[in-house]
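J.: This is a predicted model, with the sequence first.
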Amino acid sequence: MKVLVAVKRVIDAYVKVRVKSDGSGVETANVKMSMNPFCEIAVEEAVRLKEQGIASEVVVVSCGPQVNQETIRTALAMGADRGILVQSDEELQPLGIAKLLKSVVEKEQPDLVLLGKQAVDNDFNQTGQMLSALLGWSQGTFASKIEQQDGKLRVTREIDGGLETLDLATPTIVTADLRLNEPRYASLPNIMKAKKKPIETIEAEELGLDIAPRLKVLNVSEPPARQAGVRVESIADLVDKLKNEAKVI
Amino acid sequence: MSTLKMQQSGLPEGLEDLLGSKGLLTGEAAQEYGRDFMGEVDNAPLAVLRPETTEQVAEALRICTEHGLSVVPQGGRTGLTGAGVPTRPNHEVILCLGRMNKVRWLDEKNHAMAVDAGCILADVQKAAADANRLFPLSYGAEGSCQIGGSISTNAGGTAVLRYGNTRDLILGLEVVLADGTVLDMMRALRKDNTGIDLKQLFIGSEGILGVVTGAVLKLYPAVAERECALLAFPSLPAVMQSFAIARESTNDRLSAFEMMPQNGITLACERVPDVVDPVEGDYPWYALLEVSASKQGSGLQEMLEGLIERLMEEGLVLDGTVSNSESQRAQLWRIREALVEAHNDMPHLLKHDVSVPISDMADFIETATDKVQEIAPDAMLIAFGHVGDGNVHFNICHDENNPNGSLATRKKEVTRAVYDLVQDYRGSFSAEHGVGSMKRDALRRYRSESEIAVMEKLKKALDPQGLLNPGKVL
């Protein structure tokens, strides 16, 4: 089974995000970038499938500027076999990325496409689903477990009421949820080996797709700052404040 | 509380008027302030004074001096040598700076901020970060210790390699002397050669010369990029050789080099939740190495990978990992922190916080290990820490299954052997933990008579009645 994993480069989840002063977006200059944590989980799962002998090759793809090669290299150090960069310096939104991924899928013919369930920068949670629709493939979103069962993939999904189990015929699309696995640390020998693994670059422009943004950001603002607490002198004071200020009782 | 009661408890009258009921604790409420972090000292104070302003500190000290009352200045009570707690029960008052916890000002352009002594170190770091600046001082106790305590003990920590000890981060200081005199030295200057640099006397002298009430701190540009690696080594000399190469070849970007032994990491994984050893094989020594820069895209990753490639080619580094996100980096640092937590409650723990010249570090640890094993062959040695500063925490204990091991009766002998060896290397028996009440004997033994004599003269000049933090240091 050949596995294609899509990865996104985002502002590191631990970084305090600052809103640009003109409200047009968030500050990305001089900010630490890392692989989206859900994408990291997807890469880890693909590498585990290979270690279990289920996957034969793991190809990792990222759409965006040249610097996304670093993110691909991280996935290669974790154990992916080769990388593809679909290069574009334009703003990419889920539909545009789904279209780019579709053309990579048509070229690579994978049996499974693994993605993170969403990216922590804009929380769209759409790319996997859109790719499924564009390809006409089945999808198992929010996966917390992936097994091979009678030639199919058995995917356990985290849903509101509990867990749902799907058997998916390949080719199929699976998006990774938080509890699917705990991503590994790349070992030094693997980091060194990753430097020699190939990364192919495809120019997004040359694919002739309409990937122009369909959504327009009107304004980005900080959430209101939380007010500091006050110490009340007595229980009567507390009750008074809850009644008349907070109006919760 | 009535005046009569106060007089019965031996407290001068003016204190309650000065500090109010919130500012003065006695009896049960005061008791816990007499206990130190490791639980080695527990001496209830007569009272705890909790002033809110420098003026109150000055007036309180004046009143105490007038009545011949001993005063123990206290920060977050995280010290490891008993410097911040009384030496005698029901005999001394504690002057706790915790209510003086305001950031006075922050000047981004001057890369400086002024704080009250009672600010928690983590809050200071955060205030600097909010202004896109770095206050680099960082160590395990940062969530509870107060900056005044960091200053009084000249605390070290994990960023000394790049930014120096607390002393190197202090531009100005505000100190109250025993007689209530306020020394306002809150100048935010990097260059100021105007006579004797008095503030230096109060940094690291553990509150025996005066009480630090405020400070001007040195800030740096915020770190925008950093790379963190955990490296596995075959031997101690390989650790130190790798450090030397790292220092030379990272363009002054090296900001941490923390050594950890295999047994310390194993303990951390076993005894502290959520700690994972990311390296598959077993190696005798590990080090956490970090490079950082104030700008993204300064080629840190290539630099680090180039360094690691070279160290691996030379057989100095055998395995390890590089963090690929801030979350992985935090988890690597968690190992370093958990290593301390994991053995803090081991039977008969002996902590030695020693330093030797960096060039002698490997040799020192190997020789000291031999010497300790001669005296206490069944002891467990956990040598770790800031070897890039020439500082190693040479801790010795027994494992849980051996509570009656040889250390039970040979602690003094072991410590003596370690300190004697340190002296042979012209090292220090207390690199960053200070002297407090616990290492006074060592100070007398390992510092020259003439050095001690000068220290005593200074003490006499500034605190003639010997009321400030008695029984500490000297």
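T.: Received it, and whenever you're ready, just let me know what you need.
J.: Look up which helix or strand A:F38 falls in, please.
T.: In this assignment (DSSP states H and E), A:F38 forms part of helix A:37-51.
J.: Say whether chain B is contacted by that helix.
T.: Yes: Helix A:37-51 comes into contact with chain B (C-beta under 8 Å from any C-beta of the partner chain), by way of A:37, A:40. The C-beta positions use only the backbone N, C-alpha and C, and glycine is treated the same way.
J.: Show the average pLDDT along that helix.
T.: Across helix A:37-51, pLDDT averages out at 98.
J.: Would you mind pulling the contact partners of that helix?
T.: The contact list for helix A:37-51 (C-beta atoms under 8 Å, 6 or more residues apart in numbering or on different chains) reads A:1, A:3, A:5-8, A:13, A:35, A:55-58, A:60, A:75, A:78-80, A:112, A:114-120, A:143, A:146, A:175-178, A:180-184, B:324-325, B:327.
J.: Could you give me the buried positions within the top strand by length along chain A?
T.: Scanning chain A for the strand with the most residues, using DSSP state E, yields strand A:138-149. Buried residues in strand A:138-149, counted by 16 or more other C-beta atoms under 10 Å in any protein chain shown: A:138-143, A:145-146.
J.: contacting residues around B:A383?
T.: Contact analysis of B:A383 by C-beta under 8 Å, 6+ apart lists B:259, B:261, B:365, B:368-369, B:392-395.
J.: what do you get for B:L316?
T.: B:L316 touches B:233-234, B:238, B:241-242, B:245, counting by C-beta under 8 Å, 6+ apart.
J.: repeat that with 7 Å
T.: B:233, B:238, B:241-242 (C-beta atoms under 7 Å, 6 or more residues apart in numbering or on different chains).
J.: ok, now how distant is it from B:A256?
T.: Counting by C-beta to C-beta, to the nearest Å, the gap between B:L316 and B:A256 amounts to 18 Å.
J.: what does B:G195 give?
T.: 36 Å.
J.: Check B:A122 too.
T.: Look at B:A122 and B:A256: by C-beta to C-beta, they are 18 Å apart.
J.: do the same with B:N101
T.: Between B:N101 and B:A256 the computed distance is 28 Å (C-beta to C-beta).
J.: Neighbours of A:G208, how many?
T.: For A:G208, the neighbour count with other C-beta atoms under 10 Å in any protein chain shown is 8.
J.: B:A122 and B:A256: who's more crowded?
T.: Neighbour count, other C-beta under 10 Å: between B:A122 and B:A256, B:A256 has more, with 23 against 14.
J.: part of a helix, is that one?
T.: No: secondary structure of B:A256 (DSSP: H, G, I helix; E, B strand; the rest coil): strand, not part of a helix.
J.: Leaving out chain neighbours, which residue sits closest to it?
T.: B:E290 (4.1 Å; C-beta to C-beta, 6 or more residues apart in numbering or on different chains).
J.: in the least confident helix or strand in chain A by mean pLDDT, what's buried?
T.: In chain A, no helix or strand scores lower on mean pLDDT, DSSP states H and E than helix A:235-244, which sits at a mean of 92. Neighbour counts over helix A:235-244 (16+ other C-beta under 10 Å) mark no residue as buried.
J.: Identify the residues contacting that helix?
T.: By C-beta under 7 Å, 6+ apart, the surrounding residues in contact with helix A:235-244 are A:232, A:248-249.
J.: Likewise for stretch B:61-69?
T.: Outside of stretch B:61-69, the residues within contact range by C-beta under 7 Å, 6+ apart are B:12, B:14-15, B:71, B:93, B:176, B:178-180, B:211, B:465, B:467.
J.: Restricted to strands, list these.
T.: Assigned to strands by DSSP E, the following of the contacts of stretch B:61-69 qualify: B:71, B:93, B:176, B:211.
J.: Any idea how many residues pack against the third one?
T.: Translated: B:V176. Other residues within reach of B:V176 by the criterion other C-beta under 10 Å amount to 29.
J.: Test my guess that it contacts B:G207.
T.: No: at 10.8 Å, B:V176 does not count as touching B:G207 under the criterion of C-beta atoms under 7 Å.
J.: you'd agree A:T28 is in a strand?
T.: No: assigned with three-state DSSP, A:T28 falls outside any strand and is coil.
J.: so what's it closest to, chain neighbours aside?
T.: The shortest distance from A:T28 to any non-neighbouring residue, by C-beta to C-beta, 6+ apart, is to A:I11 (6.5 Å).
J.: and that neighbour, what does it touch?
T.: A:17, A:28, A:31, A:33, A:121.
J.: For chain B, see how far away the last one is.
T.: It stands for A:D121. Using C-beta to the nearest C-beta, to the nearest Å, we find A:D121 at a distance of 14 Å from chain B.
J.: That residue is in what secondary structure piece?
T.: Using DSSP H and E, A:D121 is not contained in any helix or strand.
J.: what's near enough to touch the residue nearest to it when sequence neighbours are not counted?
T.: Among residues not flanking A:D121 along the chain, A:V10 sits closest, at 4.2 Å (C-beta to C-beta, 6+ apart). Residues in contact with A:V10 (C-beta under 7 Å, 6+ apart) are A:33-34, A:36, A:119-121.
J.: Out of these, flag the one nearest to chain B.
T.: For the contacts of A:V10, the closest approach to chain B (C-beta to the nearest C-beta) belongs to A:S34, at 3.9 Å.
J.: Need phi/psi at that closest one.
T.: Reported as degrees, to the nearest 10, the phi and psi values for A:S34 are phi -140, psi 170.
J.: and the stretch 201-350 of chain B, which residues reach chain A?
T.: Contacts of the stretch 201-350 of chain B with chain A, taken as C-beta under 7 Å from any C-beta of the partner chain, map to B:224-225, B:278, B:280, B:295-296, B:305, B:308-309, B:312, B:319-322, B:324-328, B:330.
J.: can you pull the contacts of the spatially closest residue to B:H111 that is not a sequence neighbour?
T.: In space, and not counting its chain neighbours, B:H111 is closest to B:L219: 4.3 Å by C-beta to C-beta, 6+ apart. B:L219 sits next to B:111-113, B:128, B:133-135 when contact means C-beta under 7 Å, 6+ apart.
J.: Name the SS class of the most centrally placed residue in chain B, please.
T.: Centroid-nearest residue in chain B, with C-alpha atoms, centre = their mean: B:A155, separated by 3.6 Å. Three-state call for B:A155 (three-state DSSP): coil.
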